[in-house]
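**Q** the sequence and its predicted three-dimensional model are supplied below.
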2 protein chains.
Amino acid sequence: MSRAAARANPTRIQREKTEAILAAALDAFSTQGYRGATLDQIAEAAGLSKPNLLYYFASKDEIHRALLDRLLDTWLEPLRALDPEGDPAAEIEGYVVRKLRMSRDFPRESRLFAGEVLAGAPRIADRIGGPLRALMEEKAAVIRGWSEAGLIAPVDPHHLIFSIWAATQHYADFDAQIRGILGTAGGAHFPAAEAHLVHLFRRAIAPARAGAG
Amino acid sequence: MSRAAARANPTRIQREKTEAILAAALDAFSTQGYRGATLDQIAEAAGLSKPNLLYYFASKDEIHRALLDRLLDTWLEPLRALDPEGDPAAEIEGYVVRKLRMSRDFPRESRLFAGEVLAGAPRIADRIGGPLRALMEEKAAVIRGWSEAGLIAPVDPHHLIFSIWAATQHYADFDAQIRGILGTAGGAHFPAAEAHLVHLFRRAIAPARAGAG
DNA sequence: TGGTCTTATGACCAAACGGTCAAAAACGGA
DNA sequence: TCCGTTTTTGACCGTTTGGTCATAAGACCA
(Lines give C-alpha, C1' and ligand atoms only; values in the text may rest on other atoms or scores of the structure.)
Protein backbone atom coordinates (compact mmCIF):
# COMPACT_ATOMS: atom_id res chain seq x y z
CA MET A 1 0.00 0.00 0.00
CA SER A 2 1.43 3.30 -1.04
CA ARG A 3 1.58 6.41 1.11
CA ALA A 4 -1.59 7.72 2.66
CA ALA A 5 -1.21 11.17 1.18
CA ALA A 6 -1.09 9.91 -2.40
CA ARG A 7 -4.25 7.82 -2.31
CA ALA A 8 -6.83 7.99 -5.03
CA ASN A 9 -9.71 8.03 -2.54
CA PRO A 10 -8.41 9.90 0.49
CA THR A 11 -10.35 9.68 3.72
CA ARG A 12 -11.45 12.75 5.62
CA ILE A 13 -8.59 12.32 8.08
CA GLN A 14 -6.11 11.98 5.25
CA ARG A 15 -7.29 15.18 3.67
CA GLU A 16 -7.20 17.13 6.90
CA LYS A 17 -3.83 15.89 8.08
CA THR A 18 -2.25 16.27 4.68
CA GLU A 19 -3.37 19.88 4.60
CA ALA A 20 -2.08 20.54 8.10
CA ILE A 21 1.28 19.05 7.21
CA LEU A 22 1.64 21.04 4.01
CA ALA A 23 0.68 24.25 5.79
CA ALA A 24 3.24 23.66 8.51
CA ALA A 25 5.86 22.63 5.97
CA LEU A 26 5.26 25.74 3.90
CA ASP A 27 5.95 27.87 6.94
CA ALA A 28 9.07 25.94 7.76
CA PHE A 29 10.58 25.59 4.30
CA SER A 30 9.84 29.13 3.20
CA THR A 31 11.59 30.72 6.15
CA GLN A 32 14.37 28.24 6.85
CA GLY A 33 15.07 26.55 3.57
CA TYR A 34 15.06 22.85 2.83
CA ARG A 35 17.87 21.86 5.14
CA GLY A 36 16.92 24.38 7.78
CA ALA A 37 13.44 22.98 8.28
CA THR A 38 13.21 19.80 10.35
CA LEU A 39 10.63 17.05 10.41
CA ASP A 40 10.23 17.37 14.16
CA GLN A 41 9.44 21.04 13.75
CA ILE A 42 6.95 20.45 10.96
CA ALA A 43 5.32 17.59 12.84
CA GLU A 44 4.90 19.68 15.97
CA ALA A 45 3.48 22.64 14.05
CA ALA A 46 1.04 20.30 12.34
CA GLY A 47 0.07 18.72 15.63
CA LEU A 48 1.40 15.26 14.83
CA SER A 49 4.13 12.97 16.03
CA LYS A 50 7.02 12.49 13.66
CA PRO A 51 6.22 8.86 12.80
CA ASN A 52 2.66 9.92 12.17
CA LEU A 53 3.84 12.61 9.81
CA LEU A 54 5.88 10.03 7.96
CA TYR A 55 2.76 7.94 7.65
CA TYR A 56 1.35 10.60 5.36
CA PHE A 57 4.53 11.53 3.50
CA ALA A 58 7.29 9.03 2.90
CA SER A 59 10.10 11.52 3.38
CA LYS A 60 11.05 15.13 3.88
CA ASP A 61 11.76 15.38 0.20
CA GLU A 62 8.27 14.21 -0.68
CA ILE A 63 6.71 16.97 1.39
CA HIS A 64 8.88 19.54 -0.29
CA ARG A 65 8.06 18.14 -3.70
CA ALA A 66 4.33 18.22 -2.95
CA LEU A 67 4.59 21.88 -2.00
CA LEU A 68 6.43 22.77 -5.18
CA ASP A 69 3.91 20.87 -7.28
CA ARG A 70 1.05 22.87 -5.84
CA LEU A 71 2.96 26.08 -6.09
CA LEU A 72 3.93 25.88 -9.72
CA ASP A 73 0.38 25.23 -10.79
CA THR A 74 -0.87 28.52 -9.44
CA TRP A 75 2.35 30.44 -9.82
CA LEU A 76 2.12 30.83 -13.56
CA GLU A 77 -1.54 31.71 -13.64
CA PRO A 78 -1.04 35.49 -13.81
CA LEU A 79 1.19 35.12 -16.86
CA ARG A 80 -1.14 32.58 -18.45
CA ALA A 81 -3.94 35.09 -18.16
CA LEU A 82 -2.10 37.58 -20.34
CA ASP A 83 -4.44 37.81 -23.30
CA PRO A 84 -2.96 38.17 -26.80
CA GLU A 85 -6.25 39.65 -27.98
CA GLY A 86 -6.46 42.27 -25.26
CA ASP A 87 -5.21 45.83 -25.20
CA PRO A 88 -1.41 45.57 -24.88
CA ALA A 89 -0.91 48.25 -22.25
CA ALA A 90 -3.87 47.05 -20.21
CA GLU A 91 -2.72 43.45 -20.44
CA ILE A 92 0.80 44.17 -19.24
CA GLU A 93 -0.37 46.47 -16.48
CA GLY A 94 -2.91 43.89 -15.43
CA TYR A 95 -0.19 41.29 -15.31
CA VAL A 96 1.98 43.50 -13.12
CA VAL A 97 -0.88 44.10 -10.73
CA ARG A 98 -1.86 40.44 -10.54
CA LYS A 99 1.70 39.40 -9.93
CA LEU A 100 2.16 41.97 -7.18
CA ARG A 101 -1.01 40.80 -5.50
CA MET A 102 0.29 37.26 -5.51
CA SER A 103 3.34 38.52 -3.65
CA ARG A 104 1.06 40.18 -1.15
CA ASP A 105 -1.31 37.24 -0.74
CA PHE A 106 1.12 34.34 -1.05
CA PRO A 107 4.45 35.53 0.31
CA ARG A 108 5.39 32.13 1.71
CA GLU A 109 4.90 30.49 -1.64
CA SER A 110 7.00 33.20 -3.24
CA ARG A 111 9.79 32.65 -0.74
CA LEU A 112 9.63 28.91 -1.16
CA PHE A 113 10.12 29.33 -4.87
CA ALA A 114 12.82 31.94 -4.41
CA GLY A 115 14.76 29.71 -2.04
CA GLU A 116 14.60 26.85 -4.47
CA VAL A 117 15.89 28.93 -7.38
CA LEU A 118 18.50 30.56 -5.17
CA ALA A 119 19.88 27.13 -4.38
CA GLY A 120 20.22 26.43 -8.10
CA ALA A 121 16.74 25.00 -8.61
CA PRO A 122 17.90 21.42 -7.93
CA ARG A 123 14.39 20.07 -7.59
CA ILE A 124 12.57 22.08 -10.26
CA ALA A 125 15.14 22.54 -12.99
CA ASP A 126 13.12 20.29 -15.27
CA ARG A 127 9.96 22.30 -14.82
CA ILE A 128 11.79 25.57 -15.38
CA GLY A 129 13.31 24.31 -18.58
CA GLY A 130 9.97 22.77 -19.57
CA PRO A 131 6.54 24.26 -18.89
CA LEU A 132 7.83 27.56 -17.55
CA ARG A 133 10.11 28.11 -20.49
CA ALA A 134 7.36 27.17 -22.92
CA LEU A 135 4.91 29.61 -21.36
CA MET A 136 7.61 32.26 -21.33
CA GLU A 137 8.28 31.81 -25.04
CA GLU A 138 4.58 31.91 -25.84
CA LYS A 139 3.99 35.17 -24.02
CA ALA A 140 7.26 36.69 -25.13
CA ALA A 141 6.15 36.13 -28.71
CA VAL A 142 2.91 37.95 -27.97
CA ILE A 143 4.74 40.91 -26.53
CA ARG A 144 7.19 40.94 -29.40
CA GLY A 145 4.25 41.01 -31.76
CA TRP A 146 2.84 44.05 -30.00
CA SER A 147 6.23 45.68 -30.16
CA GLU A 148 6.68 45.08 -33.85
CA ALA A 149 3.17 46.29 -34.57
CA GLY A 150 4.04 49.55 -32.87
CA LEU A 151 1.37 49.06 -30.21
CA ILE A 152 3.99 49.30 -27.49
CA ALA A 153 7.57 50.53 -27.38
CA PRO A 154 10.33 48.24 -28.67
CA VAL A 155 11.30 46.14 -25.65
CA ASP A 156 13.08 42.88 -25.05
CA PRO A 157 10.13 40.70 -24.02
CA HIS A 158 12.16 38.24 -21.96
CA HIS A 159 13.87 40.90 -19.94
CA LEU A 160 10.65 42.82 -19.54
CA ILE A 161 9.06 39.77 -17.97
CA PHE A 162 12.13 39.20 -15.81
CA SER A 163 11.82 42.75 -14.56
CA ILE A 164 8.17 42.27 -13.75
CA TRP A 165 8.92 39.08 -11.87
CA ALA A 166 11.78 40.69 -10.00
CA ALA A 167 10.05 43.91 -9.06
CA THR A 168 6.86 42.24 -7.86
CA GLN A 169 8.32 39.21 -6.09
CA HIS A 170 10.73 41.51 -4.33
CA TYR A 171 7.91 42.60 -2.03
CA ALA A 172 7.47 39.04 -0.81
CA ASP A 173 11.02 37.72 -0.92
CA PHE A 174 12.73 40.77 0.55
CA ASP A 175 9.93 41.63 2.92
CA ALA A 176 12.27 41.65 5.91
CA GLN A 177 14.44 44.27 4.24
CA ILE A 178 11.50 46.38 3.14
CA ARG A 179 9.96 46.37 6.57
CA GLY A 180 13.31 47.25 8.09
CA ILE A 181 13.67 50.24 5.80
CA LEU A 182 10.14 51.55 5.54
CA GLY A 183 9.13 50.60 9.04
CA THR A 184 5.72 49.59 7.73
CA ALA A 185 3.91 46.57 9.10
CA GLY A 186 1.48 44.16 7.53
CA GLY A 187 1.79 45.15 3.91
CA ALA A 188 0.84 48.79 4.40
CA HIS A 189 3.24 49.70 1.60
CA PHE A 190 1.50 47.66 -1.09
CA PRO A 191 -0.76 50.42 -2.44
CA ALA A 192 2.26 52.68 -2.98
CA ALA A 193 4.17 49.78 -4.49
CA GLU A 194 1.36 49.07 -6.91
CA ALA A 195 1.13 52.68 -8.00
CA HIS A 196 4.87 52.81 -8.51
CA LEU A 197 5.07 49.58 -10.49
CA VAL A 198 2.17 50.53 -12.72
CA HIS A 199 3.93 53.83 -13.41
CA LEU A 200 7.22 52.07 -14.05
CA PHE A 201 5.96 49.54 -16.55
CA ARG A 202 3.40 51.77 -18.18
CA ARG A 203 6.18 54.15 -19.12
CA ALA A 204 8.46 51.32 -20.16
CA ILE A 205 6.04 50.12 -22.81
CA ALA A 206 4.49 53.40 -23.88
CA PRO A 207 5.06 53.81 -27.62
CA ALA A 208 7.47 56.59 -28.51
CA ARG A 209 5.63 59.75 -29.48
CA ALA A 210 6.08 61.41 -32.81
CA GLY A 211 9.43 63.13 -33.10
CA ALA A 212 11.32 60.80 -30.81
CA GLY A 213 13.71 58.23 -32.23
CA MET B 1 44.30 34.19 23.21
CA SER B 2 41.51 35.05 20.84
CA ARG B 3 40.86 33.40 17.52
CA ALA B 4 43.57 33.40 14.90
CA ALA B 5 41.39 35.03 12.26
CA ALA B 6 40.69 38.08 14.38
CA ARG B 7 44.27 38.99 15.24
CA ALA B 8 45.60 42.50 14.94
CA ASN B 9 48.85 41.34 13.30
CA PRO B 10 47.90 38.31 11.24
CA THR B 11 50.66 36.08 9.95
CA ARG B 12 50.96 35.15 6.30
CA ILE B 13 49.42 31.75 7.00
CA GLN B 14 46.55 33.32 8.86
CA ARG B 15 45.79 35.62 5.98
CA GLU B 16 45.93 32.86 3.42
CA LYS B 17 43.91 30.32 5.34
CA THR B 18 41.33 32.87 6.41
CA GLU B 19 40.84 33.81 2.77
CA ALA B 20 40.54 30.20 1.68
CA ILE B 21 37.97 29.52 4.37
CA LEU B 22 35.87 32.56 3.53
CA ALA B 23 35.97 31.72 -0.16
CA ALA B 24 34.84 28.16 0.48
CA ALA B 25 32.22 29.32 2.95
CA LEU B 26 30.84 31.84 0.47
CA ASP B 27 30.35 29.07 -2.03
CA ALA B 28 28.67 26.87 0.52
CA PHE B 29 26.44 29.40 2.24
CA SER B 30 25.33 31.14 -0.93
CA THR B 31 24.08 27.96 -2.57
CA GLN B 32 22.90 25.94 0.41
CA GLY B 33 21.96 28.45 3.05
CA TYR B 34 23.22 28.65 6.59
CA ARG B 35 21.90 25.34 7.78
CA GLY B 36 22.56 23.62 4.48
CA ALA B 37 26.26 24.34 4.50
CA THR B 38 28.37 22.13 6.77
CA LEU B 39 31.71 22.72 8.40
CA ASP B 40 33.09 19.49 6.97
CA GLN B 41 32.17 20.64 3.50
CA ILE B 42 33.68 24.09 3.96
CA ALA B 43 36.83 22.63 5.51
CA GLU B 44 37.31 20.22 2.65
CA ALA B 45 36.76 22.89 0.02
CA ALA B 46 39.27 25.11 1.79
CA GLY B 47 41.79 22.28 2.03
CA LEU B 48 41.77 22.05 5.82
CA SER B 49 40.71 19.59 8.47
CA LYS B 50 37.66 20.58 10.47
CA PRO B 51 39.54 21.21 13.72
CA ASN B 52 41.99 23.31 11.75
CA LEU B 53 39.16 25.35 10.33
CA LEU B 54 37.87 25.91 13.85
CA TYR B 55 41.28 27.14 14.81
CA TYR B 56 40.72 30.13 12.54
CA PHE B 57 37.04 30.70 13.24
CA ALA B 58 35.50 29.86 16.58
CA SER B 59 32.23 28.65 15.09
CA LYS B 60 30.12 28.28 12.00
CA ASP B 61 28.25 31.38 13.00
CA GLU B 62 31.44 33.39 13.15
CA ILE B 63 32.32 32.47 9.58
CA HIS B 64 28.90 33.48 8.39
CA ARG B 65 29.11 36.73 10.28
CA ALA B 66 32.51 37.52 8.81
CA LEU B 67 31.13 37.01 5.32
CA LEU B 68 28.18 39.30 5.95
CA ASP B 69 30.47 41.96 7.41
CA ARG B 70 32.60 42.01 4.29
CA LEU B 71 29.59 41.88 2.04
CA LEU B 72 27.68 44.79 3.51
CA ASP B 73 30.68 47.05 3.25
CA THR B 74 30.89 46.73 -0.50
CA TRP B 75 27.23 46.08 -1.12
CA LEU B 76 26.10 49.63 -0.57
CA GLU B 77 28.91 51.24 -2.51
CA PRO B 78 26.94 51.68 -5.74
CA LEU B 79 24.20 53.54 -3.91
CA ARG B 80 26.71 55.58 -1.91
CA ALA B 81 28.24 56.71 -5.16
CA LEU B 82 24.99 58.31 -6.28
CA ASP B 83 26.00 61.95 -6.47
CA PRO B 84 23.47 64.61 -5.40
CA GLU B 85 25.38 67.16 -7.49
CA GLY B 86 25.40 65.10 -10.66
CA ASP B 87 22.93 65.00 -13.51
CA PRO B 88 19.85 63.20 -12.16
CA ALA B 89 19.20 60.95 -15.14
CA ALA B 90 22.87 60.07 -15.52
CA GLU B 91 23.20 59.39 -11.81
CA ILE B 92 20.26 57.02 -11.65
CA GLU B 93 21.23 55.25 -14.85
CA GLY B 94 24.77 54.95 -13.57
CA TYR B 95 23.47 53.46 -10.38
CA VAL B 96 21.42 50.89 -12.27
CA VAL B 97 24.41 49.90 -14.36
CA ARG B 98 26.76 49.65 -11.38
CA LYS B 99 24.26 47.56 -9.47
CA LEU B 100 23.73 45.22 -12.38
CA ARG B 101 27.46 44.77 -12.75
CA MET B 102 27.71 43.83 -9.12
CA SER B 103 25.16 41.10 -9.78
CA ARG B 104 27.27 39.93 -12.66
CA ASP B 105 30.60 40.10 -10.85
CA PHE B 106 29.52 39.06 -7.36
CA PRO B 107 26.61 36.68 -7.75
CA ARG B 108 27.54 34.60 -4.73
CA GLU B 109 27.57 37.65 -2.50
CA SER B 110 24.19 38.63 -3.88
CA ARG B 111 22.78 35.20 -3.16
CA LEU B 112 24.25 35.16 0.32
CA PHE B 113 22.51 38.41 1.06
CA ALA B 114 19.29 37.28 -0.57
CA GLY B 115 19.24 34.08 1.44
CA GLU B 116 19.72 35.99 4.62
CA VAL B 117 16.88 38.40 3.90
CA LEU B 118 14.67 35.58 2.66
CA ALA B 119 15.07 33.88 6.03
CA GLY B 120 13.89 37.04 7.75
CA ALA B 121 17.30 38.68 8.08
CA PRO B 122 17.93 37.16 11.52
CA ARG B 123 21.60 38.06 11.55
CA ILE B 124 21.52 41.44 9.83
CA ALA B 125 18.27 42.99 10.95
CA ASP B 126 20.19 45.56 12.97
CA ARG B 127 22.26 46.65 10.01
CA ILE B 128 19.24 46.86 7.75
CA GLY B 129 17.40 49.04 10.22
CA GLY B 130 20.57 51.02 10.83
CA PRO B 131 23.19 51.93 8.20
CA LEU B 132 21.19 50.61 5.25
CA ARG B 133 18.07 52.47 6.25
CA ALA B 134 20.07 55.65 6.87
CA LEU B 135 21.71 55.49 3.46
CA MET B 136 18.37 54.75 1.89
CA GLU B 137 16.79 57.81 3.48
CA GLU B 138 19.68 60.00 2.43
CA LYS B 139 19.50 59.00 -1.20
CA ALA B 140 15.73 58.91 -1.27
CA ALA B 141 15.78 62.55 -0.17
CA VAL B 142 18.12 63.36 -3.04
CA ILE B 143 15.82 61.71 -5.55
CA ARG B 144 12.78 63.38 -4.04
CA GLY B 145 14.56 66.69 -4.42
CA TRP B 146 15.17 66.02 -8.10
CA SER B 147 11.53 65.04 -8.47
CA GLU B 148 10.23 68.17 -6.81
CA ALA B 149 12.57 70.35 -8.85
CA GLY B 150 11.07 68.85 -11.99
CA LEU B 151 14.41 67.41 -13.09
CA ILE B 152 12.90 63.94 -13.18
CA ALA B 153 9.35 62.61 -13.18
CA PRO B 154 7.46 62.41 -9.91
CA VAL B 155 8.38 59.02 -8.47
CA ASP B 156 8.29 57.36 -5.08
CA PRO B 157 12.00 57.30 -4.29
CA HIS B 158 11.88 54.31 -1.96
CA HIS B 159 9.99 52.14 -4.36
CA LEU B 160 12.16 53.30 -7.24
CA ILE B 161 15.22 52.09 -5.38
CA PHE B 162 13.47 48.85 -4.44
CA SER B 163 12.74 48.28 -8.12
CA ILE B 164 16.34 48.91 -9.05
CA TRP B 165 17.52 46.48 -6.40
CA ALA B 166 15.01 43.88 -7.43
CA ALA B 167 15.55 44.10 -11.16
CA THR B 168 19.34 44.03 -10.97
CA GLN B 169 19.81 41.48 -8.20
CA HIS B 170 17.38 39.23 -10.00
CA TYR B 171 20.12 38.37 -12.49
CA ALA B 172 22.28 36.98 -9.69
CA ASP B 173 19.69 35.53 -7.35
CA PHE B 174 17.49 33.90 -9.97
CA ASP B 175 20.33 32.94 -12.26
CA ALA B 176 19.23 29.30 -12.32
CA GLN B 177 15.82 30.30 -13.60
CA ILE B 178 17.17 32.74 -16.17
CA ARG B 179 19.60 30.21 -17.54
CA GLY B 180 16.85 27.62 -17.68
CA ILE B 181 14.64 29.94 -19.70
CA LEU B 182 17.11 31.72 -21.94
CA GLY B 183 19.47 28.81 -22.31
CA THR B 184 22.39 31.21 -22.11
CA ALA B 185 25.57 30.28 -20.30
CA GLY B 186 28.10 32.33 -18.43
CA GLY B 187 26.31 35.65 -18.30
CA ALA B 188 25.87 36.03 -22.06
CA HIS B 189 22.56 37.78 -21.40
CA PHE B 190 24.02 40.64 -19.38
CA PRO B 191 24.45 43.09 -22.25
CA ALA B 192 20.80 42.71 -23.22
CA ALA B 193 19.80 42.97 -19.59
CA GLU B 194 21.75 46.18 -19.19
CA ALA B 195 20.19 47.72 -22.27
CA HIS B 196 16.75 46.74 -21.07
CA LEU B 197 17.20 48.06 -17.55
CA VAL B 198 18.64 51.34 -18.75
CA HIS B 199 15.63 51.70 -21.02
CA LEU B 200 13.25 50.78 -18.21
CA PHE B 201 14.55 53.23 -15.64
CA ARG B 202 15.37 56.01 -18.06
CA ARG B 203 11.75 56.07 -19.12
CA ALA B 204 10.56 55.77 -15.54
CA ILE B 205 12.27 58.99 -14.50
CA ALA B 206 12.01 60.98 -17.70
CA PRO B 207 10.18 64.22 -16.93
CA ALA B 208 6.74 64.43 -18.47
CA ARG B 209 6.80 66.38 -21.71
CA ALA B 210 4.75 69.44 -22.28
CA GLY B 211 1.11 68.65 -22.69
CA ALA B 212 1.05 65.49 -20.61
CA GLY B 213 -0.63 65.49 -17.22
C1' DT C 1 -20.62 -6.12 19.14
C1' DG C 2 -17.06 -7.95 16.36
C1' DG C 3 -13.70 -7.55 12.96
C1' DT C 4 -10.99 -5.05 9.68
C1' DC C 5 -8.72 -1.31 7.89
C1' DT C 6 -6.79 3.10 9.15
C1' DT C 7 -4.27 6.02 12.17
C1' DA C 8 -1.05 6.96 15.89
C1' DT C 9 2.87 6.27 18.96
C1' DG C 10 7.12 5.13 21.84
C1' DA C 11 11.33 3.20 21.36
C1' DC C 12 14.92 2.94 18.59
C1' DC C 13 18.75 3.49 14.90
C1' DA C 14 22.65 5.01 11.98
C1' DA C 15 24.51 8.93 10.08
C1' DA C 16 25.71 13.63 10.16
C1' DC C 17 26.28 17.57 12.70
C1' DG C 18 28.97 21.38 15.33
C1' DG C 19 32.43 21.43 18.34
C1' DT C 20 36.42 19.93 21.92
C1' DC C 21 40.92 18.44 23.39
C1' DA C 22 45.46 16.87 24.09
C1' DA C 23 49.28 16.19 21.60
C1' DA C 24 52.16 16.35 17.58
C1' DA C 25 54.19 18.85 13.81
C1' DA C 26 55.82 22.91 11.55
C1' DC C 27 57.39 27.52 11.67
C1' DG C 28 60.49 31.34 12.50
C1' DG C 29 63.53 34.43 15.04
C1' DA C 30 67.80 34.39 17.94
C1' DT D 1 70.70 24.70 16.38
C1' DC D 2 67.68 25.78 19.75
C1' DC D 3 63.15 27.15 21.61
C1' DG D 4 58.86 29.38 22.07
C1' DT D 5 54.95 30.15 19.17
C1' DT D 6 51.90 28.94 15.64
C1' DT D 7 49.61 25.51 13.10
C1' DT D 8 47.69 20.90 12.32
C1' DT D 9 45.68 16.61 13.43
C1' DG D 10 43.21 12.19 15.05
C1' DA D 11 40.26 10.75 18.27
C1' DC D 12 36.38 11.79 20.48
C1' DC D 13 31.70 13.75 22.31
C1' DG D 14 26.84 15.03 22.85
C1' DT D 15 23.06 16.38 20.07
C1' DT D 16 20.18 16.54 16.22
C1' DT D 17 18.64 14.65 12.12
C1' DG D 18 15.79 11.76 8.85
C1' DG D 19 13.79 7.61 9.12
C1' DT D 20 12.16 2.57 10.83
C1' DC D 21 9.39 -0.78 13.23
C1' DA D 22 6.44 -3.35 16.01
C1' DT D 23 2.59 -2.47 18.36
C1' DA D 24 -1.33 -0.12 20.17
C1' DA D 25 -5.38 2.77 19.62
C1' DG D 26 -9.12 4.49 16.94
C1' DA D 27 -12.52 4.73 13.17
C1' DC D 28 -15.96 2.60 10.53
C1' DC D 29 -19.19 -0.69 8.74
C1' DA D 30 -21.81 -5.14 8.91
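**A** Received, thanks.
**Q** buried residues in the longest helix seen in chain A?
**A** Criterion DSSP state H: the longest helix present in chain A is helix A:12-36. Within helix A:12-36, the residues that count as buried by 16 or more other CB atoms under 10 Å in any protein chain shown are A:14, A:17-18, A:20-22, A:24-36. Just so you know, the C-beta spots here come from the backbone N, C-alpha and C atoms, and that holds for glycine as well.
**Q** what of stretch A:45-61?
**A** Here stretch A:45-61 shows A:45-46, A:48, A:53-54, A:56-57, A:60 as buried, counting by 16+ other CB under 10 Å.
**Q** so for it, what's the average pLDDT?
**A** Across stretch A:45-61, pLDDT averages out at 96.
**Q** what are the ranges of the helices in chain A?
**A** A:12-36, A:39-46, A:50-56, A:60-75, A:77-80, A:88-105, A:107-118, A:125-127, A:133-148, A:157-173, A:175-182, A:190-205.
**Q** I'd like those as JSON lines, with distance to residue B:89 appended.
**A** Below are these laid out as JSON lines (distance: least, CB to CB, whole Å):
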{"stretch": "helix A:12-36", "distance to residue B:89": "39"}
{"stretch": "helix A:39-46", "distance to residue B:89": "50"}
{"stretch": "helix A:50-56", "distance to residue B:89": "56"}
{"stretch": "helix A:60-75", "distance to residue B:89": "36"}
{"stretch": "helix A:77-80", "distance to residue B:89": "31"}
{"stretch": "helix A:88-105", "distance to residue B:89": "23"}
{"stretch": "helix A:107-118", "distance to residue B:89": "31"}
{"stretch": "helix A:125-127", "distance to residue B:89": "40"}
{"stretch": "helix A:133-148", "distance to residue B:89": "24"}
{"stretch": "helix A:157-173", "distance to residue B:89": "19"}
{"stretch": "helix A:175-182", "distance to residue B:89": "24"}
{"stretch": "helix A:190-205", "distance to residue B:89": "13"}
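**Q** tally of neighbours for residue A:37?
**A** Residue A:37 sits with 23 neighbouring residues when counted by other CB atoms under 10 Å in any protein chain shown.
**Q** find the nearest non-adjacent residue to it, please.
**A** Leaving aside its chain neighbours, residue A:37 sits nearest to residue A:28 (3.6 Å; criterion: CB to CB, 6 or more residues apart in numbering or on different chains).
**Q** what does chain A put close to DNA strand D?
**A** A:11-13, A:37-41, A:50-51, A:54, A:58-61 (CB under 7 Å from any atom of the strand).
**Q** try 10 Å
**A** Applying CB under 10 Å from any atom of the strand, we find that chain A lies next to DNA strand D at A:11-13, A:28, A:32, A:34-43, A:49-55, A:57-64.
**Q** determine which two of the buried residues of stretch A:45-61 are furthest apart.
**A** Using CB to CB, the buried residues of stretch A:45-61 span at most 15.1 Å, a distance reached by A:45 and A:54.
**Q** quick check: the residue nearest to residue A:37 touching residue A:43?
**A** No - applying CB atoms under 8 Å as the test, residue A:28 and residue A:43 come out as separate, 10.1 Å apart.
**Q** can you name the residue of chain A nearest DNA strand C?
**A** residue A:51 (3.2 Å; CB to the nearest atom of the strand).
**Q** so how far is residue A:59 from that residue?
**A** 13 Å (CB to CB, to the nearest Å).
**Q** where does chain A have low pLDDT?
**A** Along chain A, segments meeting pLDDT under 70 span A:1-8, A:209-213.
**Q** list, one by one, the residues from it near DNA strand C.
**A** Proximity of chain A to DNA strand C, by CB under 10 Å from any atom of the strand, involves residues A:1, A:3-5, A:7, A:9-18, A:20-21, A:35, A:40, A:43, A:47-56.
**Q** repeat that with 6 Å
**A** Within chain A, the positions adjacent to DNA strand C are A:4, A:11, A:13-14, A:17, A:48-49, A:51-52, A:55 by CB under 6 Å from any atom of the strand.
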